[in-house]
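S.K.: give me the fold of what follows.
(one chain, ligands or ions: 1)
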Amino acid sequence: MDKIVIEGGRALRGSVAASGAKNAALPILIATIVAPGEHRIANVPYLADVSSTLSLLGRIGCPSLAEEGSKLMRVDTSRVAFSEAPYDVVRKMRASVLVLGPLLARMGHAKVSLPGGCAIGTRPIDQHLKGLEALGCTFKLEGGYVYGRTEGLRGAEMTLDMPTVTGTENIVSAAVLADGTTVIHNAAKEPEVVDLCRFLVALGARIEGAGTDTIVIEGVPRLAPPARPYRICPDRIETGTYLCAAAATGGDVTVTDTDPTLLGAVLDKLRATGCTVETTASTIRVAANGPLRGIDVTTEPYPGFPTDMQAQLMTVACLAEGESRFCETIFENRFMHAAELLRMGARIEIHGNTATVHGNGKLVGSPVMASDLRASAALVVAGLAAQGTTDVLRIYHLDRGYEDMVGKLQKLGGNVSRGEEGGKKGASAA
Ligand code: UD1
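M.R.: Residues are numbered from 1 along each chain as shown. Sure, this is the predicted structure:
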């Protein structure tokens, strides 16, 4: 297994480009199923989760091809031969459950393994099933699989118990081909849901209200790939992670090819730490100015502070002077990075869903174990800021969601390399 080795204590400086958003690329690649033909998707990040998605599409009979030297992906959904998402794919990537809606819409049946993915809470899919049932699907759970069937989707009005992101995506991806109008109340407003809806509209779908809590979908009989490639939106979580690395290391970093309007809540918190934050239409610069201040963060659905940035900002809080408080309201079990940060000298107390961080302005390098995707990113940020060497183990989580993280950090002057666990160190960076 690979690890990342970091010689910390260097301020990151310079600029780095954001990749396309993982959480938009996955539902969009999967939603190609609803429109038979050849799709071209641009700005697709090179990630393990994208490979898993393409392999899943391949397994159901939809081949894909990456255009050399570009981030353009071709997916051919002319024919769907199977309607199954097997356990060996789904266990690697929870988002595989997103095939349920598109397969039911296209084929009338689907068999999907119950999801695995990041170990952050139990993460049920009851709302996905409830929404699809309202559209006329029936489900049975057997042997770890969900079997879905429909005699024909029909529009329906529904209210989700919580604004689930992939749940909303699954329901919208099916409703676009339903007979009649679907209204989803309490829908997720995340930018990645909006990007999926924009893609579906490019296929000919009729959707209104994406980005608000009520999405209205007028079903159409058929959809077709658009003439022009569809471009995935920038990754706001990757962007935020590099900005946190700038703050944590006392550096000055500009992320380009991004969209500051997607990161309002994160930028507010970085400002509250005392950093300078400057934006243009497609760039964000964060520069640290002396000691960082403590902050209060509560995770919320978009446009609130994203749970996917909580761990990285907690690392920043460890390096601040003063107290910070983090309240996690989206997922249970999402403070696993805290135990590893303690090993690096952080002072964090956890009571229920609240973590109190007593920042003392420094961390010390140590071997740490990554437990999920964003926790891994937080530990890399911690290693960059810490005095001494940090080995971040189990980085396969990072490969799921960060395109070329080592290369990007090296570009910013980080002394970061990839090596093998229990063995050799990779080529060291300048
Ligand atoms: C997506 C993102 C993930 C992010 C999360 C919250 C993708 C591929 N992943 O995950 O990075 O952290 O949104 O912004 O886009 N819930 C239920 N029943 C359901 C569905 C969800 O109880 O049927 C609960 C979950 O357990 C959780 C909350 O709702 O407590 C929000 O989860 P959800 O928005 O569904 O997260 P994901 O879509 O899995």
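S.K.: residue numbers of the stretch 151-300 of the chain in contact with the ligand?
M.R.: Residues of the stretch 151-300 of the chain lying near the ligand by CB under 6 Å from any ligand atom: 162, 164-167, 188, 192. Quick note: C-beta positions are derived from backbone N, CA and C, even for glycine.
S.K.: buried among the residues you listed? Make that a PyMOL selection.
M.R.: Filtering these down to the buried ones (16 or more other CB atoms under 10 Å) takes a single PyMOL command:
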select buried, resi 164+165+166+167+188+192
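S.K.: can you pull the buried residues of the helix or strand of the chain with the lowest mean pLDDT?
M.R.: Using mean pLDDT, DSSP states H and E, helix 87-90 stands out as the lowest-scoring helix or strand of the chain, at a mean of 88. By 16+ other CB under 10 Å, the buried positions in helix 87-90 come out as 87, 89-90.
S.K.: what's the closest of those to Glu38?
M.R.: The nearest member of those to Glu38, counting by CB to CB, is Val89 at 22.6 Å.
S.K.: can you list the helices and strands that the helix or strand that Val316 is a member of packs against?
M.R.: Following DSSP states H and E, one finds Val316 within helix 310-318. For helix 310-318, the packing partners by 3 or more CB pairs under 8 Å, 6 or more residues apart in numbering; DSSP states H and E come out as helix 236-248, helix 264-272, strand 296-298, strand 321-327, helix 336-343, strand 354-360, helix 373-385.
S.K.: most distant residue from the centre of this protein?
M.R.: With distances taken as CA atoms, centre = their mean, the residue sitting farthest from the centre of the chain turns out to be Glu151, at 33.4 Å.
S.K.: for Lys111, see how far away that residue is.
M.R.: 17 Å (CB to CB, to the nearest Å).
S.K.: likewise for Cys137?
M.R.: 13 Å.
S.K.: same thing with Asp296?
M.R.: 45 Å.
S.K.: neighbour-wise, which of these two wins?
M.R.: Per other CB atoms under 10 Å, whichever of Asp296 and Lys111 has more neighbours is Lys111, with 18 against 13.
S.K.: hmm, that one is touching Tyr87, no?
M.R.: No - between Lys111 and Tyr87 there is no contact under CB atoms under 8 Å: 10.6 Å.
S.K.: about what we covered before: could the helices and strands packed on helix 310-318 be laid out in TSV, adding mean pLDDT?
M.R.: Output for the helices and strands packed on helix 310-318, formatted as TSV (pLDDT from 0 to 100):
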stretch	mean pLDDT
helix 236-248	98
helix 264-272	98
strand 296-298	98
strand 321-327	96
helix 336-343	95
strand 354-360	96
helix 373-385	96
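S.K.: closest to Thr212 out of those?
M.R.: Of all these, helix 264-272 sits nearest to Thr212, with 16.1 Å by CB to CB.
S.K.: alpha carbons only: can I get the next helix or strand after the closest one in CSV?
M.R.: Note on helix 264-272: by DSSP H and E, the next helix or strand toward the C-terminus is strand 276-279. Extracted in CSV, the C-alpha atoms of strand 276-279 (Å, rounded to 0.1, in the frame of the first residue of the first chain):
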residue,chain,number,x,y,z
THR,A,276,-6.5,37.5,3.5
VAL,A,277,-8.9,36.1,0.9
GLU,A,278,-9.1,37.6,-2.6
THR,A,279,-11.2,36.4,-5.4
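S.K.: show the subsequent helix or strand relative to strand 276-279.
M.R.: By DSSP H and E, the next helix or strand past strand 276-279 is strand 284-287.
S.K.: which residues touch that next one?
M.R.: Strand 284-287 is contacted from outside by 239, 243, 246-247, 251-255, 258, 260, 263, 267, 270, 275-279, using CB atoms under 8 Å, 6 or more residues apart in numbering.
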